[in-house]
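S.K.: Quick check, what structure comes out for this input:
(chains A and B)
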Amino acid sequence: MERLIGVWVESLRVEALDGSTLRDSLALLDALSVICPFTELVRLGFYALPSRGPSRFFGGEDRVLEVVGATVRDVLGDQPSIGVADGLFCVELAAREGVVLPRDGTNEYRRSRPLAVLGRADLATTGRRLGLITVGDFAELAAARVAERFSASVGQLHRVARGELAELPGQRDARLAGRLRRLREADRPDEQRGFFGQRGAADERAHAAVLRLRRRLGSDAVVVAGVRGGRTPQDRATLVPWGAPAPPVADNAPWPGQLRAPSPATVLAHPVTVELRDETSEIVRVDARGSLNARPSTLGFTSGAARVVVWHAGPWPSVERWWIAPRRRAHVQLLLDTGEAVLVAAERGRWWLVGVYD
Amino acid sequence: MFAFLASRPPVPRDLAATLRPVTLATHRRITLEDPWCDLVPGGGLRRGTTIAVQASPGVGGLSLALSLLTGASARGHWAAVVGVDDPGVVAMADLGIDLRRVLFVPRPRGAWAESVADLLDGVDVVVVRPPGRAAVGSARVLMDRVRERGAVLIVVSETTTAWPLPVDLSFVITRSRWTTSSRLDGRTLTVRIEGRAGVRAGEHVVVLPNRRGRAAVV
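M.R.: Modelled structure (predicted):
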């Protein structure tokens, strides 16, 4: 089995909604490909590269690990968790725990892991009842006995446990390569096309103005916007610097629970905390059923100012991405005594000012 | 034969004047959409003019200024929005603005006037919200630049930070009232439109935004 270096980057594991995770992953892949052209992005947050070639080039595996760590720090500013082992299955485990296995230590390491690392909770439960605690216990079983009692997919896992297969079925994200390719294609210079794909004179003038402005204020001063799918105004808006590849636009999909128009003319990129209180000056809470426990009466800002709430609508609760990074929110529209209307959201036990209907 | 001479004969001055591109009267205006086309003289914003939108904070000044962009955007003009820190992108899309031709300079870092001057060279309409009351000097420079480039400058200001120079057309929100049902339904704005000579001052009532996020007549 080939000896591999695994790089585990926790911050890239959960995909952010604005496409930044994929962009960062691509940037890191390009940087690591300079060290070794056979670097592979196995899944989001996990890279694997062969150890033999780079070790010979850099003069030792330790040197390679240093270079890899420095590269990740340069690109992302994060400390990665790096492991070395034989085979893709073991190197992912090693990278997650940050251990560098000796040349012949992979077999022993794999056998000492708990059975759940094979990725099948039902197998782990059954195994525990049968007294099979570790991968090694499972590997001890004869292949014919496993084939009698379990399905074909468990037979595959058994071969992985015995070290006959290098990787779990489905360990690689099959869709990732296509997504990276599409992102690379979107990474072309940016501008609006005129008739028949040409840039018109007006587009050229606008482009020149942008370049002048970027020289004056910095490369991220000019921003272009787009609308994509989502439920709330802040999720649906994309604001990326001019020239950066825009995240894919998929606006025609239905979004059940989407907040309807009108939408706030000011949507805070970084929501600020506010305090929504009822008549008895208690903070209003959203209960498990998604309704308010009291009628909002005042809205307090961090500056100390407070406004009287004359009317409210909602809440509109939403639980999103519960399968990976759950996000529970409830939005409320408020009409204040000054005539302003604002959109606030309850999240993580606090109230946030999301937008102003300016 | 002239091609071989070191100095080519100069083009007569009066001929140069006639060689300037001809612009039609309709091209000198940036057309407005409903409901503004019936309320503004000529149905559009004349190129080279400065427009002020004045309102108390939070009652719809920004929405009104952005709604003036829809006509320009629908006809393929480029627009820019300067000094609006957190633009409501979805609200702009709902208004009917083509976001592919809008440039945002959210935080011009004290150089808002310079940013506007740069952008006036490249885009047709610039919406700017100065961080405070603009200095008379920079206001005059910008208005001259607008006239020279044939662009349109829309200044969003509050009552306390009004534009220091007289403008060609001004929209003042005098009253704003939300209609509600189980959610915010629409906002009725009473807008006083004033201008220089030829513009009849008057108060008009528009709905901005309505249930679909657009600007509409009542």
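S.K.: what about the helices in the stretch 51-200 of chain A?
M.R.: A:52-58, A:61-76, A:88-97, A:106-112, A:121-129, A:135-140, A:143-149, A:152-162, A:176-186 (DSSP state H, counting those that start in this stretch).
S.K.: Just name the most buried of the ones you listed.
M.R.: Ranked by mean neighbour count, those are led by helix A:88-97 with a mean of 23 (mean count of other CB atoms under 10 Å in any protein chain shown). Using the backbone N, CA and C atoms, a C-beta is placed for each residue, glycine as well.
S.K.: Poorly predicted segments of the chain, please.
M.R.: Let's take chain A. Within chain A, the ranges that satisfy pLDDT under 70 run A:186-200, A:245-252.
S.K.: nope, chain B please
M.R.: Counting by pLDDT under 70, chain B has low-confidence residues at B:1-27, B:197-201.
S.K.: Just give me the longest helix of it.
M.R.: Of all the segments assigned as helix in chain B under DSSP state H, the longest by residue count is helix B:136-149.
S.K.: Outside of that helix itself, list whatever touches it.
M.R.: The contact list for helix B:136-149, computed with CB atoms under 8 Å, 6 or more residues apart in numbering or on different chains, reads B:48-50, B:113, B:116-117, B:120-121, B:151-153, B:163-165.
S.K.: Give me the buried positions along it.
M.R.: B:S138, B:A139, B:L142, B:M143, B:R145, B:V146, B:R149 (16 or more other CB atoms under 10 Å in any protein chain shown).
S.K.: Next up, the contacts around the residue of chain B found nearest chain A.
M.R.: Going by CB to the nearest CB, chain A is nearest to B:G122 of chain B, at 2.4 Å. For B:G122, the contacting residues are A:R205, A:A206, A:H207, A:A208, A:A209, A:V210, A:R212, B:W78, B:A80, by CB under 8 Å, 6+ apart.
S.K.: and the angle for the helix or strand that the longest helix of chain B is followed by with helix B:136-149?
M.R.: Counting by DSSP states H and E, the next helix or strand C-terminal to helix B:136-149 is strand B:152-157. Put simply, strand B:152-157 runs at 150 degrees to helix B:136-149, going by axes from the mean of the first three to the mean of the last three CA atoms, to 10 degrees.
S.K.: Residues contacting strand B:152-157, please?
M.R.: Defining contact as CB under 8 Å, 6+ apart, one finds that strand B:152-157 is touched by B:30, B:45-54, B:61-62, B:65, B:68-69, B:72, B:84, B:116, B:120, B:124-130, B:134, B:142-143, B:146, B:163, B:167.
S.K.: Pairing partners for that strand, with directions?
M.R.: Taking DSSP bridges as the criterion, strand B:152-157 forms sheet pairs with strand B:50-54 (parallel), strand B:125-128 (parallel).
S.K.: got a list of what the residue of the stretch 151-300 of chain A at minimum distance from chain B touches?
M.R.: The stretch 151-300 of chain A approaches chain B most closely through A:A209 (2.4 Å), counting by CB to the nearest CB. Shown in contact with A:A209 (CB under 8 Å, 6+ apart): B:L103, B:D118, B:L119, B:D121, B:G122, B:V123.
S.K.: could the residues you listed be laid out in CSV, adding distance to A:V344 and secondary structure?
M.R.: Below are the contacts of A:A209 laid out as CSV (distance: CB to CB, whole Å; DSSP: H, G, I helix; E, B strand; the rest coil):
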residue, distance to A:V344, secondary structure
B:L103, 30, strand
B:D118, 37, helix
B:L119, 34, helix
B:D121, 41, helix
B:G122, 38, helix
B:V123, 34, coil
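S.K.: can you tell me which residue is nearest the centre of chain B?
M.R.: With distances taken as CA atoms, centre = their mean, the residue of chain B nearest its centroid is B:I154 (3.3 Å).
S.K.: on that earlier part again, could you find which two of the contacts of B:G122 are furthest from each other?
M.R.: For the contacts of B:G122, the farthest-apart pair by CB to CB is A:R212 and B:W78; their separation is 14.2 Å.
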